[in-house]
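K.L.:
Sequence first, then the predicted structure:
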Amino acid sequence: MFQSTSNTTAAPARSGRERIRRSVAPVLAVLLAASLAGCAGWKRDSVTVGAIPDDYRTSHPIVIAEKNQKIDLPVGAGDRGMTGAQRDTLLGFLDGYDKSAAPSLTIAVPRGSANEVAALVAGRDFARVAAASGVKRGRIVMTSYQSAVPEASAPVRVAFVAVRAQTDRCGRWPEDLLQNSENKHYADFGCSYQNNLAAQMANPNDLLGPRKQSDIDAENRGAVIDLYRSRGISNEFLGNSEVTY
């Protein structure tokens, strides 16, 4: 009788634990699946965001290409030849002319303008100054263009093509900065810096690779070493140094 009562009491207890186990197991499975899905989603989003370039050097790359260098020199209708100011401006412009490449230097004189005669005389003077500054005469091209306003004085246009480091134009604002929830650079970020850096490149080939090393001045190097040896180590340096020589 005692044995039968014990078995009857244990059976409901086991069945209750089994019911609890059955009810908890689906909940744990759902929680585990949700956590794994969250990890997978985080990993997917991080890879997608990381694949989008967010570097100003990528958004505004500096490229080396041919660029038309030009300057407009105003000429008055009453001028008789080149003035001193025009000569100084022209020589400053020709400082960027690469004599080794020797591109064509175009001097365009206005036609049909109020200063047509004065511009033609000044343009010939510009050609003589360019030849005297090192531009080959065979590379100087005299041409003309039609003036848009006959009653006004048009400038003489001097131009040549040169290889320059350059980038795209600045001022692109395709979207509102306040709408950027990704915490990324805006479209125009770094554009002015890249343009300034490109403008400072005297030799665009420096961006492609290092230059050839110049010859060593052995005589000057020997003089510097002899001076260093004769001077020795000063007492002031020895007194302040923690190293004992």
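P.N.:
Yep, that arrived. Numbering: from 1, shown residues only.
K.L.:
could you list every residue that touches T89?
P.N.:
Each residue near T89 by CB atoms under 8 Å, 6 or more residues apart in numbering is listed here: 71, 73. No exception for glycine: its C-beta is placed from N, CA and C like everyone else's.
K.L.:
Surely it forms part of a strand?
P.N.:
No. Assessed with DSSP: H, G, I helix; E, B strand; the rest coil, T89 is helix; it does not lie in a strand.
K.L.:
Quick check: which ranges of the protein have low pLDDT?
P.N.:
Filtered on pLDDT under 70, the chain yields the residue ranges 1-53, 180, 234, 236-238, 241-245.
K.L.:
How about the secondary structure of the most centrally placed residue in the chain?
P.N.:
Against the mean C-alpha coordinate of the chain, by CA atoms, centre = their mean, the closest residue is Q194 at 2.8 Å. The three-state label for Q194, taken from three-state DSSP, comes out as helix.
K.L.:
Which residue ranges of this structure form strands?
P.N.:
For the chain, the strands defined by DSSP state E cover 63-73, 105-111, 140-146, 156-166.
K.L.:
Could you check how far the second one is from the centre of its chain?
P.N.:
For strand 105-111, the separation from the chain centroid amounts to 33 Å (computed by CA atoms, centre = their mean, to the nearest Å).
K.L.:
That one - contacts with which helices or strands?
P.N.:
helix 116-132, strand 140-146, strand 156-166 (3 or more CB pairs under 8 Å, 6 or more residues apart in numbering; DSSP states H and E).
K.L.:
May I see the strands of the chain arranged in CSV, with distance to L227 as well?
P.N.:
Listed next are these as CSV, based on distance: least, CB to CB, whole Å:
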stretch, distance to L227
strand 63-73, 43
strand 105-111, 48
strand 140-146, 51
strand 156-166, 40
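K.L.:
Please identify the most buried of the ones you listed.
P.N.:
Most buried of these by mean neighbour count (mean count of other CB atoms under 10 Å) is strand 105-111; its value is a mean of 21.
K.L.:
residues touching P103, list them.
P.N.:
Contacts for P103 (CB under 8 Å, 6+ apart) come out as 97, 139, 160-162.
K.L.:
Quick check: the residue nearest to the centre of the chain touching T167?
P.N.:
Yes. Contact criterion CB atoms under 8 Å: Q194 and T167 qualify, at 4.7 Å.
K.L.:
what is in contact with those two at once?
P.N.:
Residues touching both Q194 and T167 (CB under 8 Å, 6+ apart) are 60-62.
K.L.:
among the residues you listed, which ones are buried?
P.N.:
Buried by 16 or more other CB atoms under 10 Å: 60, 62, out of those.
K.L.:
and the shared contacts of Q194 and T167, which of them are in helices?
P.N.:
Using DSSP state H, no member of the shared contacts of Q194 and T167 falls within helices.
K.L.:
got TSV for the shared contacts of Q194 and T167, with distance to S230 too?
P.N.:
Formatted as TSV, the shared contacts of Q194 and T167 follow (distance: CB to CB, whole Å):
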residue	distance to S230
H60	54
P61	52
I62	48
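K.L.:
ok, of the shared contacts of Q194 and T167, which one's closest to A85?
P.N.:
I62 (34.0 Å; CB to CB).
K.L.:
if I look at that closest one, how far off is D168?
P.N.:
Note on I62: its distance to D168, by CB to CB, to the nearest Å, is 10 Å.
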